[in-house]
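Visitor: Give me a model of this one.
(one chain, ligands or ions: 1)
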Amino acid sequence: MSISKTPIRTRFAPSPSGFLHLGNIRAALFNWLLAKSLGGTMLLRIEDTDANRSGDNYAAAIEDDLSWLGLDWAGTPIQQSQRTTEYNQALQTLLNNEKAYHCFCSPEALKAERARQLQAGQPPRYSGVCARGSVQEAQRRLNNGEPAVVRFRMPATEIEFNDIVYGSMNFDGGDIGDFVLRRADGTFSFFFVNAVDDALCGVTHVLRGADHLANTPRQVALLSALMLKFPTYGHVPLINDVDGRPLSKRNDRDGMSSLRDLRKKGYIPKAIVNYLARLGHTIADNQLLTLAELASIFNTEALSKAPSKYDGAQLAHRQKEATLILDAAEWRSWLCSVLPATLVDNPVFYEGARENIVLFKEAKEWAAVVDAENLQFTEAAQQALADANFYHAALAELQDDMEWKSFCVRVGSVTGKKGRELFLPLRAALTGRTDGPVMGPLFTLIGKKMAHARICQHT
Ligand code: GLU
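Guide: Prediction:
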């Protein structure tokens, strides 16, 4: 479906009930890219009507995570918990026009009705007992203090809308049943506030998870009853994990689906946005692109109808690409939170280590190997250690400002060792490991004094 080139307004509407996971971030990214691709803006709306599940810390984390990724929003974030007046007004309009009504059915009665319908093989939906009562009777019961919810009178007509991803959609309103707008405790349902806010805030386009597709006919009917314009919706199939289950915080097996976890591991924004922009959205150009470049080629027609599969290896590949193009200043600011300043500011470190550090764990490995007073030895390193004679010979060859290569050549010539027999015992003594970053710059960073002390331990 092509989108007209009038200024558009999208929004990202997370519920602050946890940290953002990759599915949320992709929704934010797609809405941002869509807005920017057409010169529009994105709003941020914090859907915090469920006070029990919402946390201020999560709302703040959402803003922080989006800013960290480089995704901005227009104006101050909208907080649903602050908009009760607007929702009550919309609700009153619906009640005044008899498009909504008070329902006094008890939870027990509704539960029994549901069970009966399911047993008879029917889709469970409200049978409409209270829909048939008079407004006066409802008022009398309300005055008596009877608890009531407010239900929307769902029209039993065909509900049609054009989905950006799935095209023309048709639902039978009669199958849906009258749904709750406001609960007996005064809180509002998701369907209601989500739709009302989109309309009142002038949202023109919504890209959201396909798990919301079944909500859309309700929301279209609701906004039509309020004589409000409904946005153009696009439902994007969910991201599945390797086992085909939707990615979520609950089944986050490798700690990869929360953005916070990725940040803690050292993933950088460019890698994440480049990975996600291509997840369920085809981009011919396979290079790492900036957000502005991604926006310039974002195309709703390239959104896939099939679920996408999360691939950690692909994300790691993007991370590798993204770290390789960091300049010295960017590289230092990326690592300064996890490495000592003396190391991160050392140009030899940048030159030597940049190809080896993809995530913080490798950066910490380097730091430990360079700085540790007491090296920890892996089992493999212990086995690779040579005898004392070898290290005596090596110590005798160690000179000030010596490069790794010349050191090896000299140790090789006096001990007669070569290849692994030469390198492994040296690496093991100097780093406590048999694997890890390349030895050249590492040797320079360790320095003669420390190298001497480490080799000495094995003589
Ligand atoms: N708060 C909803 C969610 O996080 C918003 C859905 C939507 O984008 O309309 O799933």
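Visitor: So which bits of this protein are right by the ligand?
Guide: Residues of the chain lying close to the ligand by C-beta under 6 Å from any ligand atom are 13-15, 47, 194, 208, 212. For the C-beta atoms, the positions are set from N, CA and C on the backbone; glycine is no exception.
Visitor: Among the residues you listed, name the ones in strands.
Guide: Among these, DSSP state E puts R208 in strands.
Visitor: The residues of the chain next to the ligand, buried ones only, as a ChimeraX selection?
Guide: A single ChimeraX command selects the buried members of those (16 or more other C-beta atoms under 10 Å):
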select :13,14,15,47,194,208,212
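Visitor: Out of the residues of the chain next to the ligand, which comes closest to P246?
Guide: H212 (12.7 Å; C-beta to C-beta).
Visitor: Residues in a beta bridge with the closest residue in space to that closest one that isn't next to it in sequence, which ones?
Guide: Spatial nearest neighbour of H212, chain neighbours left out: H235 (6.3 Å); criterion: C-beta to C-beta, 6 or more residues apart in numbering. Judged by DSSP bridges, the bridge partners of H235 are R208.
Visitor: In contact with H235, which residues?
Guide: 163-166, 207-210, 212-213, 216 (C-beta atoms under 8 Å, 6 or more residues apart in numbering).
Visitor: quick one: which of the residues you listed is most hemmed in?
Guide: L207 (28 neighbours; other C-beta atoms under 10 Å).
Visitor: Low-confidence ranges, this protein, go.
Guide: 1-6, 248-256 (pLDDT under 70).
Visitor: Give me the buried positions along the strand or helix carrying A428.
Guide: A428 belongs to helix 420-431 when assigned by DSSP states H and E. Buried positions in helix 420-431, judged by neighbour count with 16+ other C-beta under 10 Å: 422-431.
Visitor: all helices for the stretch 1-150 of the chain, in order.
Guide: 22-37, 56-69, 84-96, 107-119, 135-143 (DSSP state H, counting those that start in this stretch).
Visitor: got it, and the stretch 151-300 of the chain?
Guide: 190-200, 216-225, 259-265, 269-277, 291-297.
Visitor: out of those, nearest to M402?
Guide: helix 259-265 (35.5 Å).
Visitor: Can you name the residue of the stretch 101-250 of the chain nearest the ligand?
Guide: R208 (3.5 Å; C-beta to the nearest ligand atom).
Visitor: cool, the stretch 301-450 of the chain as well?
Guide: L303 (15.1 Å).
Visitor: can you map out the helices along the stretch 351-459 of the chain?
Guide: Counting by DSSP H, counting those that start in this stretch, the helices of the stretch 351-459 of the chain are 360-371, 379-384, 388-397, 404-415, 420-431, 439-456.
Visitor: and L29, which of those helices is closest to it?
Guide: Of those, nearest to L29 by C-beta to C-beta is helix 360-371, at 23.2 Å.
Visitor: What would that closest one look like as CSV? C-alpha coordinates only.
Guide: Provided in CSV are the C-alpha atoms of helix 360-371 (Å, rounded to 0.1, in the frame of the first residue of the first chain):
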residue,chain,number,x,y,z
PHE,A,360,32.9,-5.6,26.5
LYS,A,361,33.8,-9.1,27.5
GLU,A,362,36.8,-9.1,25.1
ALA,A,363,37.7,-5.6,26.3
LYS,A,364,37.8,-6.8,29.9
GLU,A,365,39.9,-9.8,28.8
TRP,A,366,42.5,-7.4,27.4
ALA,A,367,42.4,-5.2,30.4
ALA,A,368,42.9,-8.2,32.7
VAL,A,369,45.8,-9.5,30.6
VAL,A,370,47.5,-6.2,30.4
ASP,A,371,47.1,-5.0,34.0
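Visitor: Let me have the residues of the chain next to the ligand in CSV, extended by distance to I272.
Guide: Output for the residues of the chain next to the ligand, formatted as CSV (distance: C-beta to C-beta, whole Å):
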residue, distance to I272
A13, 20
P14, 16
S15, 21
E47, 23
N194, 26
R208, 19
H212, 23
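Visitor: Dump the contacts of H235 to CSV, plus distance to S81.
Guide: Listed next are these as CSV, based on distance: C-beta to C-beta, whole Å:
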residue, distance to S81
D163, 30
I164, 29
V165, 31
Y166, 32
L207, 24
R208, 21
G209, 23
A210, 27
H212, 21
L213, 26
T216, 24
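Visitor: what residues are up against the closest residue to L279 other than its chain neighbours?
Guide: Distances taken as C-beta to C-beta, 6+ apart place S308 nearest to L279, at 4.7 Å, with adjacent residues excluded. By C-beta under 8 Å, 6+ apart, the contact set of S308 is 237-240, 279-280.
Visitor: for I297, same thing?
Guide: So I297 contacts 37, 283, 285, 289 (C-beta under 8 Å, 6+ apart).
Visitor: Next one: it from V165, what distance?
Guide: 18 Å (C-beta to C-beta, to the nearest Å).
Visitor: Quick check: closest non-adjacent residue to the residue of the chain most remote from its centre.
Guide: Distance from the centre of the chain peaks at V414, with 56.1 Å (C-alpha atoms, centre = their mean). The shortest distance from V414 to any non-neighbouring residue, by C-beta to C-beta, 6+ apart, is to A393 (4.9 Å).
Visitor: Neighbours of that neighbour, how many?
Guide: 18.
Visitor: Grab the nearest non-local neighbour of A363.
Guide: Per C-beta to C-beta, 6+ apart, closest to A363 is I357, 4.9 Å.
Visitor: swap that for A148, sorry
Guide: A148's closest residue in space is H102 (C-beta to C-beta, 6+ apart), at 4.2 Å.
Visitor: does that neighbour really touch C130, like I thought?
Guide: Yes. Counting by C-beta atoms under 8 Å, C130 is a contact partner of H102 at 6.7 Å.
Visitor: anything in contact with each of these two?
Guide: Common neighbours of H102 and C130 (C-beta under 8 Å, 6+ apart) are 138, 151.
Visitor: gap between the residue nearest to T10 when sequence neighbours are not counted and Y87?
Guide: Distance criterion C-beta to C-beta, 6+ apart; nearest residue to T10, sequence neighbours excluded, is N31 at 4.0 Å. Applying C-beta to C-beta, the value for N31 to Y87 is 23 Å.
Visitor: Between these two, which has more neighbouring residues?
Guide: N31 (27 against 20).
Visitor: which residues touch stretch 447-455?
Guide: Under the contact criterion C-beta under 8 Å, 6+ apart, stretch 447-455 has outside partners 375, 391, 394-395, 398-402, 429-430, 443, 446.
Visitor: List only buried entries from those residues.
Guide: Here, 16+ other C-beta under 10 Å leaves 375, 391, 394, 429-430, 443, 446 buried among these.
Visitor: Can you tell me which of those residues is nearest G75?
Guide: I446 (53.0 Å).
Visitor: From Q119, how far off is the closest one?
Guide: For I446 relative to Q119 (C-beta to C-beta), the value is 74 Å.
Visitor: repeat for R151
Guide: 23 Å.
Visitor: The two - which one has more neighbours?
Guide: Using other C-beta under 10 Å, the more surrounded residue of R151 and Q119 is R151, with 23 against 8.
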